[in-house]
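**Student:** Just the structure for this:
(one chain, ligands or ions: 1)
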Amino acid sequence: MAAARILFVEDEASISDPFSRALAREGFEPTVARTAREALALAERAQFDLVLLDLNLPDGDGRDVARDLRRHSDMPIVMLTARGTETDKIVGLELGADDYVVKPFSGAEVIARIRAVLRRSQGRQGLDTPTPSEPAAIGALRVDFGARQVTLGGAPVDLSRKEFDLLSELVRSAGKVVSREDLMSRVWDENWFGSTKTLDTHIGWLRRKLGDDTADPRYLHTVRGVGFRFSAPEEIQP
Ligand code: CA
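**Tutor:** Numbering: from 1, shown residues only. Purely as a prediction, here's the structure:
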């Protein structure tokens, strides 16, 4: 297997030098960017398997970099943050980061996280093929699982990776209630114990993109105290 290419965005040489050596020793292929600008330029020029992204950069905020990267790429993002508050963690995940590590971190810890995130993202790509990838049609909505494309009334709906994963989980169980815990573990992390605020945020975004009215939803129903339910095809008149 080819070495996973890691884009390591970190301005502090005292962190990036030893840690990129550690990454190389562990069989990864690291490329260091010292500024937000450099990171975006590198990401445009080359393919990376994962981005390790510092939150505080000399020319900007790592969160803006994450947002920019997400606009045209699905590659996993692991955020490095010195701020350990719950809010920052959630903000990182809402931007589409796959995981975060609070500084100071141990090299072994970050490498374990990188491996887990890569495994998940490769598993996700692998999983989409063997499962029945017949597109699902519910009302005006069409979800093509294989191509990861969604249309509403024939018009493409632009979803982030997490939004698509969340929609897929709900649509695959259309007509049935899916618990918050199941959604968190399937879409975010198999060992999720934290807040599920990020789930509600993504549900809100998904509703907006589906043009769903929260008070009287056509597609995405909240089941109080349990989770969410996506309408079955027969519930919606074409
Ligand atoms: Ca920094």
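
**Student:** okay, and the helix or strand of the protein with the least pLDDT?
**Tutor:** The helix or strand of the chain with the poorest confidence is helix 86-94; it has a mean of 64 (mean pLDDT, DSSP states H and E).

**Student:** Could you list the residues in contact with the one helix or strand residue 108 maps to?
**Tutor:** In this assignment (DSSP states H and E), residue 108 forms part of helix 107-128. For helix 107-128, the external contacting residues (CB atoms under 8 Å, 6 or more residues apart in numbering) are 4, 6, 18-19, 22-23, 26, 28, 49-50, 52, 75-76, 78, 80, 98-99, 101, 145-146, 148, 165. Just so you know, the C-beta spots here come from the backbone N, C-alpha and C atoms, and that holds for glycine as well.

**Student:** Among the residues you listed, name the buried ones.
**Tutor:** 4, 6, 19, 22-23, 28, 49-50, 52, 75-76, 78, 80, 98-99, 101, 145, 148, 165 (16 or more other CB atoms under 10 Å).

**Student:** just checking, residue 182 touches residue 226?
**Tutor:** No. The pair residue 182 / residue 226 is not scored as a contact, 10.2 Å apart, by CB atoms under 8 Å.

**Student:** ok so, going back, filter the buried ones among the contacts of helix 107-128 down to the ones in helices?
**Tutor:** Among the buried ones among the contacts of helix 107-128, the ones falling in helices (DSSP state H) are 19, 22-23, 165.

**Student:** Let me see the contact set for the residue in the chain positioned nearest to the ion.
**Tutor:** Closest approach of the chain to the ion (CB to the ion) occurs at residue 56, with a separation of 4.0 Å. Residue 56 makes contact with 11, 62, 82, according to CB under 8 Å, 6+ apart.

**Student:** Quick check: pLDDT value at the residue nearest to the second one when sequence neighbours are not counted.
**Tutor:** Setting aside the residues directly before and after it, residue 62 is nearest to residue 55 in space (CB to CB, 6 or more residues apart in numbering), at 4.1 Å. For residue 55, the model assigns a pLDDT of 88.

**Student:** Next, residue 55: phi, psi?
**Tutor:** The phi/psi pair for residue 55 (degrees, to the nearest 10) reads phi -80, psi -40.

**Student:** And for residue 30?
**Tutor:** Dihedral angles for residue 30 - degrees, to the nearest 10 - are phi -90, psi 140.

**Student:** so what's it up against?
**Tutor:** 5-6, 8, 20, 23-24.

**Student:** Save the residues you listed as CSV, and put in pLDDT and distance to the ion too.
**Tutor:** What follows is the contacts of residue 30, written out as CSV (pLDDT from 0 to 100; distance: CB to the ion, whole Å):
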residue, pLDDT, distance to the ion
5, 94, 22
6, 96, 17
8, 97, 12
20, 93, 15
23, 93, 17
24, 93, 21
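
**Student:** Make a markdown table from those and add distance to residue 203 to it.
**Tutor:** Putting those into a markdown table (distance: CB to CB, whole Å) gives the following:
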| residue | distance to residue 203 |
| --- | --- |
| 5 | 33 |
| 6 | 31 |
| 8 | 33 |
| 20 | 38 |
| 23 | 36 |
| 24 | 41 |
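
**Student:** out of those residues, who's nearest residue 207?
**Tutor:** Residue 207 lies nearest to residue 6 out of those, by CB to CB, at 34.9 Å.

**Student:** Which positions are bridged to the closest one in the beta structure?
**Tutor:** residue 30, residue 50 (DSSP bridges).

**Student:** need the contact list for it.
**Tutor:** Contacts of residue 6 (CB under 8 Å, 6+ apart): 23, 28-31, 48-52, 114.
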